[in-house]
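Undergrad: Coordinates for the following, if possible.
(chains A and B)
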Amino acid sequence: MQLTTRLARPTTGSRSHGPGGRRARTALRAVAVAAVAALLPLAACSPVGGGAKSAQQSDAGSATSGTVNWWGWTPTDVDTAQGYIAAFNAEFPDIKVNFKLVAISDWQAALPPALRSDAGPDVFDMQPGAYVKNYKSFAEDLTPVMQKALGDDWQSKVAPAGVSGLSADGKLVAASVGAVYSGTVWYNPALFDKYGLQPPKTLDEWEKVCQTFKSHDQGCFVQGAAGEGFDQDTLQAIANSVSPGVWTKASNGEVPWNDPAIVKTLDIWHQLFSRGIMQPGAVGYQQYPDANNDFLTGKYAMVQMGTWYTQYSTEKAMTAALKAAGVSGAKPFPILPMQFPDVAQAGNTSEMFGDADYGLSVSTKAKDRAAAETFVTWLATSKAGQQAVADQLNDVPALKGVEPDFDKITFVDPATQAAPVKQLLSQVGTVTEPRFALLTTDVQDAILAAATSTATGKATPQEAADTLQKAAQAAR
Amino acid sequence: MSGTTAERQRLGAGAAGTEVGPGTRRRLRPAGYLWILPALVLCVGLIYYCIAYTAVISTWDWDGLDPFPEHVGAGNYVRIAQDPIFAKTIEHTAVFFVVTFVVQTALGVVFAVLLHSKVRLAVVYKVIIFIPVVLAPAITAPVFRRLYAPDGQFNWVLEHIGLGSLAQPWLGQESTALPVIMAITIWQWTGLTFVLYFAAMAQIDVSVLEAARIDGAGNLRVLASIIWPGVRGTTVALGILSAIGALKTFDVPYLVAVGGPNYATEFLGTYIYRKTIAQSHVGYGAALSVILLVLALGFAILLQVRSREKETTG
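TA: Next up is the predicted model:
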């Protein structure tokens, strides 16, 4: 009834448009003024045109003083970033670095308007793949900066994955800080020991291990299958067991996504669900916090994670992670990495894959550009900066020859963890297959759709692969 | 009865307009227009300009950053017409609207009727029913994710009351994810429906109810023949709000299920976000937004017109 009343009022009001030239002219003038006033502020809103200010056109400023605003989704805890900044300030005390942590889920929403404005970051995180494609035009070419820092043969001094994945259109859009690699599973050795089990090496062994765990009311393997990135990790690991390198070939367009090896990959992926290896309701799980918390709280004995999980082998990081997972008063427990099982049972070793976790880009609109370059150069190419990165055990440093200082790192159980962790970090030096660098967001979305539709039985592996191939073709 | 009241209100508004309209205009002119200028700038400038600009963007193939977007005409709309996920979002919206509106209306009316009778601790019940309305979905979403987890409290309760066979991963399968989202929405918004019906029922003439009782009408007859017609205006208003709300649904399906699994809880709002932000298809997202606007306006007009037709014939 109220709505009826409200709707009636304009009808009544409309009768006010009666004769009266002077009144009408005045009204028209008022409307014109109002319209102009309404449009004036919006003229500045136009999202196209303009473009970024050329770095060459602006004054670079001092390389040893100024303010640098750094935006990133990682380091995911501000304390780590502040640790980097403190170490940097020990060498460059007159450069003030402000770190702003933006959650990865908000990155795509927060960064574009910031980059378009004059109040955005001077330095921002960059990831190989879709982000490079999206934001390359707002990033300065760092090739001259790298040449200045490491010499003309700079490419031979850093990890190749950090160069190829962060380059586009002939320019280096970001300097890699470190890399992460996937294709591993982490497990809780105490739970394996408790039930007299060994880490599985094949699909059949994996199924048996899970049956034993379940018979003792203990969760076996957990993964957040609702998210694309972690599904892709598992699928790529399976594909490397089916036919090594086929996933990268499909990503490159060398083989179609409905190649028999990819269909077989999706079939094995489906078997992870149908044979009771993947936890119930996995396609409704997020890797963070769901799967991560379930593993850290001991509900599951295995979790699909990559080299970034190495940090939780330390007492300090594991204690903090347990606290974040809501475990009060829990003692840190040792975790160990294992190679992804040969799920195809064809005798292939499922090789790891990876690329730069993140690089740092200097915005073309950076106000104190030289100071921003100094900070990026320090963190990505200096021994001090890279050592700080290495000691976190989150990223494998980009600069060759820098390794974690294990004398300063305290493992939860050094006797069982030190050797496997060191071996894992030494293995990644030979990894050549990329993780995200070759895929667009459209293809990644199609991979998620193929994974969930196969997992839930909505599509057969062949149907899901055909749909994925169509989506990938449409995205080209 | 409601028709008579509505007519009286319309007449009242009309009379008021006739009497004070010219005078009001005289007082507004010329300095009066300056007073409405801020509101005009805000309304025309920020809202209608943005709607028009979204319509323009919907004709582009644009990632939101490229300074030279490609004009594709109606290309995005053609792609939407062939997009199976868009069809799913419409289906989910329709199911969501029908189920949430019907259940919320039924619960709202029942609660309002019960609390209009002499109930002890009525204020406490009112508070309990209304509290979910004021809770932010961002706060409740993690709780519901935990509640409906495979090892969550909902399955725990089922197992402890002998219904363990019904325990399942509610958010991890397509068949149950959407019903969970609808259940959460009903829990959240029934309080508002209840309050509006409670207020509307207070406007019903008590003498009519007493007359019905004297004529021998029972509870159900009073509810069906007097109370329900008496609150029809509220039902229509809630229908419009529910329809528009269903079209705009974003927070609960996104925060609880991220539109999944396999798009099982994808709505227009979440799909617009996925396309525009996550995938940087800003032109396509703008076309979806325009369709959302057209659907919302269409629903509102349709329900309003149907309501007026009923009032005229009633």
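
Undergrad: B:T193 against B:G239, yeah?
TA: No - B:T193 is not in contact with B:G239 according to CB atoms under 8 Å; the separation is 10.8 Å. For every residue, glycine as well, the C-beta is placed using N, CA and C.

Undergrad: of those two, who's got more company?
TA: The neighbour comparison of B:T193 against B:G239 (other CB atoms under 10 Å in any protein chain shown) goes to B:T193, with 28 against 20.

Undergrad: Point out where the chain drops to low pLDDT.
TA: Went with chain A since none was named. A:1-58 (pLDDT under 70).

Undergrad: not what I meant, chain B
TA: Ranges of chain B meeting pLDDT under 70: B:1-30, B:310-314.

Undergrad: Could you chop chain A up by domain?
TA: As given by automatic domain parsing, the domain ranges for chain A are A:66-179+A:357-397, A:184-351+A:430-475.

Undergrad: Give me every residue in the stretch 51-200 of chain B lying close to chain A.
TA: Residues of the stretch 51-200 of chain B that fall close to chain A, judged by CB under 8 Å from any CB of the partner chain: B:63-69, B:145, B:149-151, B:168-174, B:177.

Undergrad: Please give me every residue in contact with the residue of chain A found nearest chain B.
TA: At 2.4 Å from chain B, A:G281 is the closest residue in chain A, using CB to the nearest CB. A:G281 sits next to B:A149, B:P150, B:Q168, B:P169, B:W170, B:L171, B:G172, B:Q173 when contact means CB atoms under 8 Å, 6 or more residues apart in numbering or on different chains.

Undergrad: Closest one of those to A:S167?
TA: Here the nearest of the contacts of A:G281 to A:S167, counting by CB to CB, is B:G172; it sits at 39.5 Å.

Undergrad: Any idea how many residues pack against the nearest residue to A:M352 once chain neighbours are set aside?
TA: Computed as CB to CB, 6 or more residues apart in numbering or on different chains, the closest residue to A:M352 that is not its neighbour in sequence is A:G183, at 3.9 Å. Using other CB under 10 Å, the number of residues around A:G183 comes to 25.

Undergrad: Could you do the one 3 residues further on as well?
TA: The number of residues packed near A:W186 is 19, by other CB under 10 Å.

Undergrad: so it touches A:N292, yeah?
TA: No - counting by CB under 8 Å, A:W186 does not reach A:N292; the two are 10.4 Å apart.

Undergrad: joint contacts of those two?
TA: Common neighbours of A:W186 and A:N292 (CB under 8 Å, 6+ apart) are A:V303, A:M305.

Undergrad: A:G196 should be in a strand, yeah?
TA: No - with DSSP: H, G, I helix; E, B strand; the rest coil as the criterion, A:G196 is located in coil rather than a strand.

Undergrad: So it versus A:G298, what's the distance?
TA: 18 Å (CB to CB, to the nearest Å).

Undergrad: more neighbours, the two?
TA: More crowded of A:G196 and A:G298, by other CB under 10 Å: A:G298, with 15 against 7.

Undergrad: Phi and psi next, for that one.
TA: Here is the backbone geometry of A:G298 (degrees, to the nearest 10): phi 80, psi 10.

Undergrad: Next up, the contacts around it.
TA: A:G298 makes contact with A:N188, A:L191, A:F333 under the criterion CB under 8 Å, 6+ apart.

Undergrad: mind listing which of those residues are in helices?
TA: The helices, defined by DSSP state H, take in A:L191 from those.

Undergrad: Quick check: the gap between the residue nearest to B:E70 when sequence neighbours are not counted and A:Y131.
TA: Closest residue to B:E70 apart from its sequence neighbours, by CB to CB, 6+ apart: B:D61 at 4.4 Å. Distance, B:D61 to A:Y131, using CB to CB: 20 Å.

Undergrad: And the helices in the stretch 251-400 of chain A, which stretches?
TA: Counting by DSSP state H, counting those that start in this stretch, the stretch 251-400 of chain A has helices at residues A:260-274, A:292-296, A:315-324, A:369-381, A:383-391.

Undergrad: Alpha carbons only: can I get the first one in PDB?
TA: I take that to be helix A:260-274. Output of helix A:260-274 as PDB, limited to C-alpha atoms (Å, rounded to 0.1, in the frame of the first residue of the first chain):
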ATOM      1  CA  PRO A 260      44.300 -39.500 -24.600                       C
ATOM      2  CA  ALA A 261      46.900 -38.800 -21.900                       C
ATOM      3  CA  ILE A 262      44.800 -35.900 -20.500                       C
ATOM      4  CA  VAL A 263      41.700 -38.100 -20.600                       C
ATOM      5  CA  LYS A 264      43.600 -40.800 -18.700                       C
ATOM      6  CA  THR A 265      44.700 -38.100 -16.200                       C
ATOM      7  CA  LEU A 266      41.100 -37.100 -15.600                       C
ATOM      8  CA  ASP A 267      40.100 -40.700 -15.200                       C
ATOM      9  CA  ILE A 268      42.800 -41.200 -12.500                       C
ATOM     10  CA  TRP A 269      41.600 -37.900 -10.900                       C
ATOM     11  CA  HIS A 270      38.100 -39.400 -10.800                       C
ATOM     12  CA  GLN A 271      39.500 -42.500  -9.200                       C
ATOM     13  CA  LEU A 272      41.000 -40.500  -6.300                       C
ATOM     14  CA  PHE A 273      37.400 -39.800  -5.400                       C
ATOM     15  CA  SER A 274      35.700 -43.100  -6.300                       C
END
